[in-house]
Each structure stands twice: as structure tokens, then as C-alpha cells.
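Novice: next input, structure requested:
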Amino acid sequence: MWEDVEELLPVDGLSGIFVGRIWSPEGEGGPLPVRVRDDGVYDLSHLAPTLAEILNLPDAASIIRASDGRRVGETQSALANSAYDRRNPELPYYLAPSDLQATKAAGVTFVKSMLERVIEEQARGDLKLAEEIRLNIADQIGGSLRDIDPGSEAAERVKMVLLEKGLWSQYLEVGIGPDAEIFTKCQPLASVGIGAQIGIHPKSIWNNPEPEAVLSINSRGQIIGATLGNDVNLRDFEGRSALLLGKAKDNRASSALGPFIRLFDDSFDLDDVRQMQIVLRVAGEDGFVMEGSSSLSEISRDLQALAEATVNESNQFPDGVMLYTGTMFAPTEDRDAAGQGFTHHVGDVVSISNNKLGKLVNRVEHCDQIAPWSFGISHLMQNLAKRGML
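Specialist: Next up is the predicted model:
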């Protein structure tokens, strides 16, 4: 899935504060929260047994920076061993950099992807009809929405115009209306990490990757860092009915995170995330290559507003949250036939990258062909108890 593990690291190396999780084969074997540095991987379990607990510490970045954990391996060796198809289970490899945190996602946060959701809804999963609708309405409503502040009086006026034209949609409601869409992407511990397979439902014929920045939010609602994510999406299922969102979004291995969380410090903060360019590359076994990008500078709702819409006086998350922030990337490039747009093939290698966060790489497979998820919260607690970490 990659030629050189160095390409998976941030351009400036690991000079910031990067944390993650590895599977350690020592003793009983099990997950360890770690700090990842250029000179190696360092155990953080003396601070707490789970990454969620560590990130909930007051000023977690400073505590981690001052931590003197034991070295448990080489950064590059663990990366090389993370590819699922050449993994040695007797050596450390990276897991998704989250454990007990809730995994949430913000939907329809960019105008471009919002229009694609409207098209999905109107087409109800029909690829050919989607292309006709795309040509029909994009010019008509796209330009008038780009500078609209969600929830504003101007947004309400646009809503009235679109209602008159018969073009109003529930996706436009959450795109420019007062309330953000925040949904559950998957269960805690269900996300996969660097080098793992990502899952597409076997009955889906229209689907795509969603390259996103993912915020790490602590139990107090503070954004403390960011990582990369793939919010794998089934466009046909969601297009048939928004009530199928759970089936479109939450399937085996349909959430990928990593390779690490970069915590905020003097070298990296929320403004860096606000200006991020998230780059996508899909390379198929059929020779097909698709490239694109998503700029967070074009997001319709500020990242802080998305965090506040997630953690607030009405809803708390004592273990913290990993929050997908949405994407403006909605691929329409034809792959199999004219007018049918893009959809995944089994074997596609999906790379999502950013200079400050590194590169997340995964390979596409049907969900039912990926080994079942069998390590949930109860298994984690039992494992930590056996290893004397509780």
C-alpha cells in the first residue's frame, strides 16, 4: 500500500506531540497508548491505561511532553508492520488512535458536498438520474449558497426561494440552517487504523471515500488535536432514504483514523487545522487513479462551532469525542461508464494526507470479507485487567 514508510510521516517529521495506539505483543498482548517520536515509540500507560483517559488529563499535551515512558519500538518498524497483508503479529503495529472516545461525524459542512447530498436525495440511488439533476441544479443554486452564513437571515431568505422552486432538501436544511448535523459514525474501538482494510457494504454499487480532518475533543469540550480520517460513505443507501444513514455510514471497518493524533502546542493549533488541505488519492487494481483535495478554509461552519454542537449543556461525553468534520470532496468523475460517476472497486488503495498530520492509507474490501470486529470495550477491560493495568 506504500513504497516507503517515510511517506506516511508529516513533512516536518514528528517534532510536535503525536500520540496513538499500538498493539503490543508483550506478555498477554494488547493495546498501549503511546507517544510517537522520530526516535521511537514510547509507552504512556503509566499515565493511564487508555488513550481517552490520557487525553482527558488537564493540559494533556504538556503532561505527555514531560512524560518519561519506556521505549517500546521503532516508529518506522511499527508503521511497516501495520499493513494488514504483511503484518507479523509478534511485532508492534499501529491501531486507530482512539479507544473509549465516541466517534461522531458532522455532515453537510461544505457547499459542494451539500449539493451532492441534494442530488443523491433527488436521484434516490440512480447514477444516471444523478448526473441529469447535477447539471440541472448546480448552476441554479450553487453560487447563491457559497457565502451564506448558516442560520443567518440571508440563509432563511435563500430557503424561501428554494422552497418556491421545489428544490428545498433536508440536506440544505443542515447545510445552511441553524443546526449542524452531528451523527454517530461508529462505536468506540470500531475504527481501524493505518494499513487496515476499509469496508464497503457488499450490496452497495455507488460509494466513495470521504477524506476529512478529525478533531480530538476532550470531555470538557476542548479541541486538543487532530488526525486524518476516512468517513467511508454509501451514496446509494443514503440517497434512497436519509433514514438509512446508519446503514450508509456504520459498517464493518467503515471508519478509518490515523496514523496519529497531533496535539495542539506551540507548533500546531486550531488555526492550522482551519487552513488544512486534505489530499486524497485512490488507486485501483484496474489502473484507475483519482486525485482530489478538500480545503478546510472553505468549510461552512467553523470547527469550534462544530465542537460546540457536539459537546454542550445538552450532551456530554465523559470519555471525549473523535469528530469527523466533513469534506467538500464529492467525486463525480466517471469510472466504469459515462454518466455513472465514481464508485469503489475492491482492492482500491485510498490515501488521505496532509503535510502536518502525515498519511492514512487503507485498502478497500467488502465488509463481509474483512475479519469480524471482536475486540470491544468489555474485551479491552478484561485485557487490561490480565495485564495488571487496571
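Novice: ok, F110 - contacts?
Specialist: The contact partners of F110, taken as Cβ atoms under 8 Å, 6 or more residues apart in numbering, are S294, E298, I299, S300, G326, T327, M328. The C-beta positions use only the backbone N, C-alpha and C, and glycine is treated the same way.
Novice: what's the closest of the residues you listed to G246?
Specialist: Nearest to G246 among the contacts of F110: G326, at 17.6 Å, using Cβ to Cβ.
Novice: which ones are touching that closest one?
Specialist: By Cβ under 8 Å, 6+ apart, the neighbours of G326 are A105, A106, G107, V108, T109, F110, S113, E210, E212, I299.
Novice: where does confidence bottom out across these?
Specialist: In terms of pLDDT, the lowest of the contacts of G326 is S113, showing 63.
Novice: from the contacts of F110, keep the buried residues only.
Specialist: The neighbour-count test (16 or more other Cβ atoms under 10 Å) marks S294, I299, S300, G326, T327, M328 as buried among the contacts of F110.
Novice: among those residues, which lie within helices?
Specialist: For the buried ones among the contacts of F110, not one is inside helices, with DSSP state H as the criterion.
Novice: name the nearest of those residues relative to D348.
Specialist: Comparing those against D348 with Cβ to Cβ places T327 closest, at 17.0 Å.
Novice: now render the contacts of F110 as JSON lines, adding distance to A60.
Specialist: Putting the contacts of F110 into JSON lines (distance: Cβ to Cβ, whole Å) gives the following:
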{"residue": "S294", "distance to A60": "28"}
{"residue": "E298", "distance to A60": "30"}
{"residue": "I299", "distance to A60": "25"}
{"residue": "S300", "distance to A60": "30"}
{"residue": "G326", "distance to A60": "25"}
{"residue": "T327", "distance to A60": "27"}
{"residue": "M328", "distance to A60": "30"}
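Novice: quick one: the strands in the stretch 151-300 of the chain?
Specialist: For the stretch 151-300 of the chain, the strands defined by DSSP state E, counting those that start in this stretch cover 181-186, 197-200, 207-208, 211-217, 223-231, 233-234, 255-263, 277-283, 289-295.
Novice: for R134, find the nearest of the ones you listed.
Specialist: Of all those, it is strand 207-208 that lies closest to R134, at 14.4 Å by Cβ to Cβ.
Novice: return the list of helices and strands in contact with the closest one.
Specialist: Here strand 207-208 touches strand 233-234, helix 235-240, going by 3 or more Cβ pairs under 8 Å, 6 or more residues apart in numbering; DSSP states H and E.
Novice: neighbouring strands of the shortest one in the sheet, and parallel or not?
Specialist: Strand pairing for strand 233-234, using DSSP bridges, gives strand 207-208 (antiparallel).
Novice: what's the offset of the partner strand from the middle of its chain?
Specialist: 14 Å (Cα atoms, centre = their mean, to the nearest Å).
Novice: please apply the same query to stretch 361-375.
Specialist: Its chain's C-alpha centre and that of stretch 361-375 lie 16 Å apart, by Cα atoms, centre = their mean.
Novice: cool, and stretch 370-390?
Specialist: Using Cα atoms, centre = their mean, the offset of stretch 370-390 from its chain centre is 23 Å.
Novice: JSON lines for the buried ones among the contacts of F110, including distance to I278?
Specialist: Conversion of the buried ones among the contacts of F110 to JSON lines gives the following (distance: Cβ to Cβ, whole Å):
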{"residue": "S294", "distance to I278": "5"}
{"residue": "I299", "distance to I278": "11"}
{"residue": "S300", "distance to I278": "16"}
{"residue": "G326", "distance to I278": "11"}
{"residue": "T327", "distance to I278": "7"}
{"residue": "M328", "distance to I278": "9"}
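Novice: between those, which is nearest L100?
Specialist: Taking Cβ to Cβ as the measure, G326 is the one of the buried ones among the contacts of F110 closest to L100, at 23.7 Å.
Novice: which element is the nearest residue to that closest one once chain neighbours are set aside on?
Specialist: Distances taken as Cβ to Cβ, 6 or more residues apart in numbering place T109 nearest to G326, at 3.3 Å, with adjacent residues excluded. In this structure, T109 sits in neither a helix nor a strand according to DSSP states H and E.
Novice: quick one, phi psi at T109?
Specialist: Dihedral angles phi and psi of T109 (degrees, to the nearest 10) take the values phi -100, psi 0.
Novice: I'm done for today, thanks for sticking with me.
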